[in-house]
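*Asks:* this one's sequence-less:
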Ligand SMILES: Cc1ncc(COP(=O)(O)O)c(C=O)c1O
């Protein structure tokens with residue numbers, strides 16, 4: 001591309017404007033990720049999305065294997081979501097939160113309560129609707145503290161729960177995220193090893209948790225059933241079940257952070273329940289709102305009831321239970337069921353992992369291919385190679401992100417509706433890019 005045509009790009013101009021007003025943290029990160037050099041690829045500024053494709057302001061179209069960081073379970077512009085927004089926006093866009101509920105808020109809370117109670121075999125379930133994933137984790141930590149009267153939380157190395165102060169304190173993903181704020185974060189968090197992260201085994205993890213539970217009065221163990229941002233790391237089959245049993249034996253609660261893994265992403269509606277782990281509190285987010293922001297903290301009434309005992313204590317916000325996102329959440333859950341997308345995610349994901357393994361495992365640069373459903377990680381030999389591949393895949397028309405504590409894992413969380421032909425095309429493209437990279441070093 002000539003310098004003249006590059007300077008005509010709308011994306012370049014918008015990226016310049018963005019850099020002027022954006023918090024520098026993001027510009028810094030974008031630049032290092034894009035390897036932003038004057039002759040690097042022009043920036044992407046997105047303009048439209050349809051199904052599994054996004055188009056940027058300069059008309060380039062990409063296969064979106066990120067899908068709003070996993071939040072677009074139905075892909076971009078799904079008719080059910082479009083219709084829900086259109087219908088609800090003519091009725092009621094903003095409500096009155098927890099003062100006067102809206103009809104759609106009641107409906108979605110019933111749906112979320114029913115699916116959680118069924119998954120965990122709870123006699124009943126009550127819901128605290130929140131906005132972001134981090135907000136739901138905050139609500140879960142508060143719920144555990146109220147219900148147990150204890151402060152200490154066991155969280156995991158490599159886990160990600162959001163960046164507000166409460167979830168950040170429990171975020172083992174990057175110590176650097178916490179470090180500047182350490183004095184303002186809860187001191188009551190103990191980080192246990194997570195199997196598969198930095199060489200830890202299941203035994204390390206369970207022994208560490210057992211020791212903490214013995215020595216401290218622990219309110220809750222907060223766990224991602226599969227590490228999402230931590231690199232799509234799937235723990236051994238019995239890990240969650242044993243963790244739940246350990247927590248229960250010491251009077252601590254198990255909080256399952258299903259924000260990324262839940263609602264079909266990993267081929268089941270509730271991953272921890274499917275693994276036989278009897279959680280006491282569950283958090284949903286990301287895909288719940290179908291692209292709009294909605295999350296939920298759910299627990300049986302016996303636990304959620306703790307909120308009624310402390311006098312004036314609530315967890316709420318101006319947009320909590322926002323009617324538009326409640327409507328899109330209802331449309332999402334209905335569509336998942338009608339189009340059998342949870343099963344599709346499981347089946348398509350397992351064929352895709354098999355294809356990736358067939359195409360890639362002979363390559364030295366590929367350390368591991370793992371995941372469940374359509375949450376898939378491809379761990380490569382270094383973060384530098386992973387970053388390079390993100391750029392080359394982008395040039396080839398595929399958007400992916402990196403993950404893993406070392407940044408060495410290509411992370412895929414496409415729409416559950418994505419066509420398999422696109423996934424196969426991705427596997428072939430990645431294979432050929434990796435072969436070229438290998439040929440360079442030979
Ligand atoms: C497992 C998990 N929990 C919590 C969060 C935080 O969600 P949000 O970014 O909506 O605050 C994320 C986000 O990636 C996540 O993956």
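*Replies:* Structure's in. What do you need? Treat the numbers as computed from the prediction; the structure is a model and nothing was measured. Numbering: from 1, shown residues only.
*Asks:* Only the buried residues of the helix or strand hosting residue 440, if you could.
*Replies:* Element membership for residue 440 (DSSP states H and E) is helix 420-441. By neighbour count on 16 or more other C-beta atoms under 10 Å, the buried set for helix 420-441 is 422-423, 426-427, 429-431, 433-434, 437. Placement of C-beta: from N, CA and C, glycine included.
*Asks:* what does that helix contact?
*Replies:* 52, 63, 65, 348, 351-352, 355-356, 359-360, 363-366, 378, 385, 388-389, 392-393, 396, 398, 410, 412, 414 (C-beta atoms under 8 Å, 6 or more residues apart in numbering).
*Asks:* ditto for stretch 72-84
*Replies:* By C-beta under 8 Å, 6+ apart, stretch 72-84 touches 48-54, 64, 67, 263-265, 287, 290-291, 327-328, 330-332, 334-336, 341, 415-418.
*Asks:* So the residue in the chain positioned nearest to the ligand versus residue 69, what's the distance?
*Replies:* In the chain, no residue comes nearer to the ligand than residue 133, which is 2.2 Å away by C-beta to the nearest ligand atom. Relative to residue 69, residue 133 is positioned 10 Å away (C-beta to C-beta, to the nearest Å).
*Asks:* who has more neighbours, the two?
*Replies:* Neighbour count, other C-beta atoms under 10 Å: between residue 133 and residue 69, residue 133 has more, with 27 against 15.
*Asks:* excluding its backbone neighbours, what's nearest the most centrally placed residue in the chain?
*Replies:* Centroid-nearest residue in the chain, with C-alpha atoms, centre = their mean: residue 260, separated by 3.1 Å. Take residue 260 and drop its neighbours on the chain: the residue closest to it by C-beta to C-beta, 6 or more residues apart in numbering is residue 228, 3.7 Å away.
*Asks:* Just the buried residues of the contacts of stretch 72-84.
*Replies:* Among the contacts of stretch 72-84, those buried by neighbour count (16+ other C-beta under 10 Å) are 49, 51-54, 64, 67, 263-265, 287, 290-291, 327-328, 330-332, 335-336, 341, 415-418.
*Asks:* Inside strands: which ones of the residues you listed?
*Replies:* Counting by DSSP state E, the buried ones among the contacts of stretch 72-84 place 49, 53-54, 64 in strands.
*Asks:* can I get these in TSV with distance to the ligand and pLDDT?
*Replies:* Listed next are those as TSV, based on distance: C-beta to the nearest ligand atom, whole Å; pLDDT from 0 to 100:
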residue	distance to the ligand	pLDDT
49	19	98
53	23	98
54	19	98
64	16	98
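*Asks:* For this protein, which residues are neighbours of the ligand?
*Replies:* Residues of the chain that fall close to the ligand, judged by C-beta under 6 Å from any ligand atom: 69, 132-134, 137, 160-162, 224, 228-229, 257, 259-260, 285.
*Asks:* quick one: which of these sit in strands?
*Replies:* Using DSSP E, the members of the residues of the chain next to the ligand that fall in strands are residue 257.
*Asks:* For PyMOL, what selects the buried ones among the residues of the chain next to the ligand?
*Replies:* Buried members of these, defined by 16+ other C-beta under 10 Å, are picked up in PyMOL with:
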select buried, resi 132+133+134+137+160+161+162+224+228+229+257+259+260+285
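*Asks:* of the residues of the chain next to the ligand, closest to residue 26?
*Replies:* Closest approach to residue 26 among those (C-beta to C-beta): residue 69, at 14.3 Å.
*Asks:* about what we covered before: please state the mean pLDDT value computed over the helix holding residue 440.
*Replies:* Helix 420-441 shows a mean pLDDT of 95.
*Asks:* what does stretch 296-310 give?
*Replies:* The predicted model gives stretch 296-310 an average pLDDT of 94.
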